[in-house]
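Peer 1: Let me see the structure of the following:
(2 chains)
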Amino acid sequence: MSARNRELIALVPVALLLTAGFAAVFAQENSRLDNVSLVYGAYFFALCLATHVYLRIRLPKADPYLFPLAALLMAFGLVMIYRIDPTLARDQANWFVLGLVLFALTIQFLRDYDVLERYRYTIAVVGLLLLLAPRLPGVGQQVNGAYLGVKIGPLAFQPAEFSKICLVVFLASYLREHREVLIVGARRVIGVTLPPLKHFGPMLVVWGASMFMLVVIRDLGSSLMFFAAFLALLYVATGRFSFVVIGMAMFLIGAWFFASTVPHVHDRVEIWLNPYAHPHKSGYQILQSIFAQADGGLFGKGFAQGLITVPGTNDALLPAAQTDTIYSLIVNELGLFGACGVVLTYLLITARGFKIALLAADGFSKLLATGLTAVFAIQAFVIIGGVTRAIPLTGVTLPFISYGGSSIVANFVLIALLLLVSDRARRESGETEGLGGFALGAR
Amino acid sequence: MNRQIVKLFGLVVVLFAVLVGFTSYWSVFDAHALKEKDANKRPLFEQQQIKRGRILAADGTVIARSVPKGHGAALRYVRRYPEGALYGHPIGYSFIEEGDSEFEQFHNDELVGNESEFSSILDQLSGRSQEGNDVVTNLDPAAQKVALADLEAAGFGAVVAIEPQSGRVKVLASNPPYDPNRVPYELSKLNTNEVERPLFNRATQGQYPPGSTFKVVTAAAGLESGTITPETPIDAPGSLEVEGTPLENDFGISWPGATLDTALTNSVNTWFGQLGQQLGQDTLFEYMERFGFNSTPPIDLPADQVYKSGVFEGEELLGPNDPVDLARVAIGQERLAVTPLQMAEVAAAVANKGKEVKPQIWSRVVDPDGRVTKSLDPSQYSQPISAKTAEELTTAMEGVVSEGTGTNAAIPGVRVAGKTGTAETPGNAACGGGEEENQAWFIGFAPAEDPKIAIAATVECTEEFGNDVAAPIFRDVAETILNGE
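Peer 2: Residues are numbered from 1 along each chain as shown, chains lettered A, B, ... in the order given. The predicted structure is shown next:
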């Protein structure tokens, strides 16, 4: 079976799942089955089908599972958000369409994605400027103490979502060029392999940038996400685990230093360690997040049956249910099993992404696919880890599920880039068959 | 680079496994502990979304029910008490913000339908939403109304009426009452009203000096221990020097060679004071404990809302080895403090041939489909005294009503057995510190030959005697219950 046929077949259950999800929400809210769920399911399927046809024409050999998996998360998110607030779901659906448009445009214009290498410094600068934008007077917006939003006229977005792609492109390109020197020039000092001093500089710059983010945009989550993606790329590019350890130590020292000096970051860590200190104020969100999970149990309470607001009022019982804590709501309503399904979906996307990296022939493609996949996986980890109190809770989005246009559009662009790499890799290796399944093997 | 990519994927698998681990911890392993946290209001809100069962009087009158507000995810149920203040005690209230009390609190699991863990998982899988059970009580609306109306006319106080053979509580009234519907609006006002203390259930929490009603317990101990028989004469002078203070009979009358019937009928203090001294502290305390003194009455109300009866030094209960003025304990004075519920149990035990059945307000639990899932089993009882002692006491107690101090309790055509009590409580701060204040009592049962109801009635801060204010309440409530049979 060809890759595209696999994709087509995989999209059918996704559309059915969305239909069933809406049917369940309608049944719960109106106590009846509603044809509207079929209409929504049909729209969704039509959109996926159009994208599929486009992929069939443009990238016939690209990975068949990535798009259906992204659509699966999207379907999940749409149903959950509809259940929270139908108007938000309408926005989300619009962004889904916009995301697909940008997905198609990326594929259309970056078919020869090597062009990205040529503009890597421009891209890096754009990425950093995007990160800084929320602090610029007039356009910047502060959300819960972190500077993550930008508002220009009616258009509001979170630049960090796009910035992560820019930085991965830059790092992939930079490391492709310098990886040899980094490996060969390494010195062993007291049993620790250190990178050559000359090339230590750029690494320091990246470290400095992520620390800078911590101070300037005050977001521990984004900072962690960027730096972890950087370390992942560094490790894959050089094969030196010691670099990762050094980098990690530097990050921890920096983070510890800033956590004790930058108030907002300090608070986040403090809340993480001691949520019960102020259960109705600063600790409210994380506590309500885990209380919501406690209520879910193994099977959850069912679609639309969890509590988001205090009954009879508009006070939030699960603050930011459509964004930060949407995972907690999923645990609450679909239980541990539903949540495992979500985590598994992210893991499958990660597996496909790394598989693309394995198949890719040239260094840039490999590093690009690795970096994009890593940043995607880490983003999911940072927010799920945040709401489950594994790490401090920060305001990054849950890719494809959380409400928010920037996140959806940026992640569709990310998937588009992965598919571009995949299509080229498979065309060059001449293999399309026999690579099915999710097995990862070093080749 | 491929080797590193595979390792990196391994790391992602580990990280995601950590996420699954944390999620499992919160959602399953630690879930129970999280639900108990004070900061976690979810269990309360969820209870609010459960249709709590109704509480019904014995005749089906709805005492408490839940009405829906809002719909969808905002649906919640609010408790309504159609009868207002009539059943404020002993039913209590149940609201999300204000919490719950009394019967509502004690029977919470049945009312919200908390079944076993297993069946709730089955319900979850089958999508059946949890629904509460109805709890039917033994309360008799007509008698409860009469009791409360009589109390409101007489003063602050309480009435408890128990069916002796089954322990069914038919009346449990406390005056001043409160309307549980008002609790969401004025709980703090109700709580801080130090004069009326409307939330204080005087029937189960009021600890009053029992006065002469306690002579029933002293007499029971005397007969059952063999210290006296109904024929044993004791010379009872008009005044007796006890512990340096004279113990006096009413009007200083002396009763030479009096037997139990005469002594009880005329409530002779010096006769019972001497009997108490003859019994000794061990024996008297033993019989008090047999009747349930010194422990929390086993009624179906939260244990912290039912108080003990006994001889108190401050908050401390005194035992057989503590120094007490035994003669004055024997006539219901000293530091003796009892609840109306405890005195009703004493009357019920005498009425039921010496068997004391657990007093219970609930009668049966009815599930949402109308099936009775549980009903009261009245077979459990203790036996503080023998049937013979009970019979001898009944005879003496009949004399109290037919020709003694409790004639106002008489019901035409019905043999009534009882005992009055008037404990002087001068300078009692709760009564405003007046010098003429009494705690007036009547305990008894009817009909004497085949008791259907045992009642304790008490009025605090009254200048009148047990026969004047408490005995008429007994009569009205007993009549209402007997007429309703």
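Peer 1: Only C-alpha atoms from now on, for both contacts and neighbour counts.
Peer 2: Noted.
Peer 1: mind listing the helices in the stretch 251-400 of chain A by residue range?
Peer 2: For the stretch 251-400 of chain A, the helices defined by DSSP state H, counting those that start in this stretch occupy A:263-273, A:284-296, A:326-359, A:363-387.
Peer 1: Next, format those as TSV and append mean neighbour count and mean pLDDT.
Peer 2: Formatted as TSV, the helices of the stretch 251-400 of chain A follow (neighbours: other Cα atoms under 10 Å in any protein chain shown; pLDDT from 0 to 100):
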stretch	mean neighbour count	mean pLDDT
helix A:263-273	19	84
helix A:284-296	28	92
helix A:326-359	24	95
helix A:363-387	27	95
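Peer 1: do you know which of those lies nearest A:Leu234?
Peer 2: When the helices of the stretch 251-400 of chain A are compared by Cα to Cα, helix A:363-387 sits nearest A:Leu234, at 9.3 Å.
Peer 1: Give the next helix or strand downstream of the closest one.
Peer 2: Per DSSP states H and E, the first helix or strand lying C-terminal to helix A:363-387 is helix A:405-429.
Peer 1: Sort out which residues of that next one are buried, please.
Peer 2: A:405-426 (16 or more other Cα atoms under 10 Å in any protein chain shown).
Peer 1: Against which helices or strands is it packed?
Peer 2: helix A:66-84, helix A:86-109, helix A:159-184, helix A:326-359, helix A:363-387 (3 or more Cα pairs under 8 Å, 6 or more residues apart in numbering or on different chains; DSSP states H and E).
Peer 1: That one: how far from the chain's middle?
Peer 2: Put simply, helix A:405-429 sits 13 Å off its chain's centre (Cα atoms, centre = their mean, to the nearest Å).
Peer 1: Direction-wise, compare that helix with helix A:363-387 and give the angle.
Peer 2: Calculated by axes from the mean of the first three to the mean of the last three Cα atoms, to 10 degrees, helix A:405-429 forms an angle of 140 degrees with helix A:363-387.
Peer 1: what angle separates helix A:405-429 from helix A:159-184?
Peer 2: Note on geometry: by the same axes, to 10 degrees, helix A:405-429 and helix A:159-184 are set 40 degrees apart in direction.
Peer 1: What parts of the stretch 51-200 of chain A come near chain B?
Peer 2: Not one residue of the stretch 51-200 of chain A sits near chain B, judged by Cα under 8 Å from any Cα of the partner chain.
Peer 1: Please parse chain B into its domains.
Peer 2: Residue ranges for the domains of chain B, per automatic domain parsing: B:42-125, B:141-364+B:380-484.
Peer 1: so what's the residue in chain A that chain B sits nearest to up against?
Peer 2: Per Cα to the nearest Cα, A:Ala294 is where chain A lies closest to chain B, at 4.0 Å. Under the criterion of Cα atoms under 8 Å, 6 or more residues apart in numbering or on different chains, the contact partners of A:Ala294 comprise A:Asn332, B:Trp26, B:Ser27, B:Val28, B:Asp30, B:Ala31, B:His32, B:Leu34, B:Lys35.
Peer 1: Quick one, which of those residues are buried?
Peer 2: Among the contacts of A:Ala294, those scoring as buried are A:Asn332, B:Trp26, B:Ser27, B:Val28, B:Asp30, B:Ala31, B:Leu34, B:Lys35 (criterion: 16+ other Cα under 10 Å).
Peer 1: OK, contacts around the fifth one?
Peer 2: By Cα under 8 Å, 6+ apart, the contact set of B:Asp30 is A:Ala294.
Peer 1: Output the buried ones among the contacts of A:Ala294 in JSON lines; the columns should cover secondary structure and distance to A:Ala172.
Peer 2: Putting the buried ones among the contacts of A:Ala294 into JSON lines (DSSP: H, G, I helix; E, B strand; the rest coil; distance: Cα to Cα, whole Å) gives the following:
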{"residue": "A:Asn332", "secondary structure": "helix", "distance to A:Ala172": "39"}
{"residue": "B:Trp26", "secondary structure": "helix", "distance to A:Ala172": "38"}
{"residue": "B:Ser27", "secondary structure": "helix", "distance to A:Ala172": "39"}
{"residue": "B:Val28", "secondary structure": "helix", "distance to A:Ala172": "41"}
{"residue": "B:Asp30", "secondary structure": "coil", "distance to A:Ala172": "42"}
{"residue": "B:Ala31", "secondary structure": "helix", "distance to A:Ala172": "43"}
{"residue": "B:Leu34", "secondary structure": "helix", "distance to A:Ala172": "45"}
{"residue": "B:Lys35", "secondary structure": "helix", "distance to A:Ala172": "47"}
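Peer 1: can I get the residues you listed in CSV with distance to A:Val25?
Peer 2: Formatted as CSV, the buried ones among the contacts of A:Ala294 follow (distance: Cα to Cα, whole Å):
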residue, distance to A:Val25
A:Asn332, 15
B:Trp26, 25
B:Ser27, 22
B:Val28, 25
B:Asp30, 28
B:Ala31, 25
B:Leu34, 27
B:Lys35, 26
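Peer 1: any idea which element A:Gln141 lies in?
Peer 2: A:Gln141 belongs to strand A:140-143 when assigned by DSSP H and E.
Peer 1: Quick check on A:Leu155: phi, psi?
Peer 2: Main-chain torsions, A:Leu155, degrees, to the nearest 10: phi -90, psi 110.
Peer 1: Now the residue of the stretch 351-485 of chain B found nearest chain A. Nearest residue, chain neighbours left out?
Peer 2: Residue nearest to chain A within the stretch 351-485 of chain B (Cα to the nearest Cα): B:Pro368, separated by 20.1 Å. Nearest-residue entry for B:Pro368: B:Asn133, 5.8 Å, with adjacent residues in sequence omitted and distances by Cα to Cα, 6 or more residues apart in numbering or on different chains.
Peer 1: May I ask you to confirm that that neighbour is in contact with B:Val366?
Peer 2: Yes: if you go by Cα atoms under 8 Å, B:Asn133 and B:Val366 touch, sitting 5.6 Å apart.
Peer 1: circling back: tell me which of the domains of chain B approaches chain A most closely.
Peer 2: domain B:42-125 (4.8 Å).
Peer 1: Parallel or antiparallel, which strands does the longest strand along chain A pair with?
Peer 2: Taking DSSP state E as the criterion, chain A has its longest strand at strand A:146-152. Counting by DSSP bridges, the strands paired with strand A:146-152 are strand A:140-143 (antiparallel), strand A:155-157 (antiparallel).
Peer 1: residues in contact with the shortest one?
Peer 2: Contacts of strand A:155-157 from elsewhere in the structure, counted by Cα under 8 Å, 6+ apart, are A:Gly149, A:Val150, A:Lys151, A:Gly405, A:Ser406.
Peer 1: Go again with 6 Å.
Peer 2: Strand A:155-157 is contacted from outside by A:Gly149, A:Val150, A:Ser406, using Cα atoms under 6 Å, 6 or more residues apart in numbering or on different chains.
Peer 1: need the residues you listed in CSV with pLDDT, can you?
Peer 2: Below are the contacts of strand A:155-157 laid out as CSV (pLDDT from 0 to 100):
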residue, pLDDT
A:Gly149, 77
A:Val150, 79
A:Ser406, 91
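Peer 1: The residues you listed into CSV, with extra columns for distance to A:Asn314?
Peer 2: Formatted as CSV, the contacts of strand A:155-157 follow (distance: Cα to Cα, whole Å):
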residue, distance to A:Asn314
A:Gly149, 25
A:Val150, 27
A:Ser406, 27
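Peer 1: Mind checking what helix or strand follows the helix or strand of chain B with the lowest mean pLDDT in sequence?
Peer 2: Least confident helix or strand of chain B, by mean pLDDT, DSSP states H and E, is helix B:117-126 with a mean of 55. Next helix or strand after helix B:117-126 toward the C-terminus (DSSP H and E): strand B:134-137.
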